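K.L.:
coordinates only, sequence not included:
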């Protein structure tokens, strides 16, 4: 398990990276490419992933508490059991995400710019 607490990984290509259980608390991952990365059980508390590419990433049981994921692309990403409390999802694309927990989503910041899967019963104005 890697300790990348506070790491500066802006614009880094982490395609297919094995970050299982990694501590990425407070890491700067703006514009990073995490396509198909394994972030299972990783701690991303307070991390900045603005406009990150998380296409096909495995975020199973990842802790995204208070992370900034504004504009992130979650196409085919797996969010099974992920913690989203206080996570900023403004403008994030969640339209094709797997295992989106609508109860967890209610504890995240979503706006009219957040792209949700069709029929998702969350009202952006309630956050």
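P.N.:
Okay, I see it. As the structure is a computational prediction, the values presented were derived from the model and not from experiment. Residues are numbered from 1 along each chain as shown.

K.L.:
list the contacts of residue 63.
P.N.:
Going by CB atoms under 8 Å, 6 or more residues apart in numbering, residue 63 touches 42-45, 82-83. All C-beta spots, glycine's among them, are computed from the backbone N, C-alpha and C.

K.L.:
what about 7 Å?
P.N.:
Residue 63 makes contacts with 43-45, 83, as judged by CB atoms under 7 Å, 6 or more residues apart in numbering.

K.L.:
what stretches of the chain score poorly on pLDDT?
P.N.:
For the chain, applying pLDDT under 70 flags the ranges 123-127.

K.L.:
one more time with 50
P.N.:
Flagging of the chain using pLDDT under 50 yields the residue ranges 125-127.

K.L.:
ok, now which ones touch the residue nearest in space to the middle of it?
P.N.:
Nearest residue to the geometric centre of the chain (CA atoms, centre = their mean): residue 69, 5.7 Å. For residue 69, the contacting residues are 49, 87-89, 92, by CB under 7 Å, 6+ apart.

K.L.:
now residue 59
P.N.:
When contacts are counted by CB under 7 Å, 6+ apart, residue 59 touches 39, 77-79, 82.

K.L.:
measure it to residue 48 for me?
P.N.:
Per CB to CB, to the nearest Å, residue 59 is found 16 Å from residue 48.

K.L.:
now swap in residue 118 and tell me
P.N.:
Plainly put, residue 118 is 29 Å away from residue 48 if you go by CB to CB.
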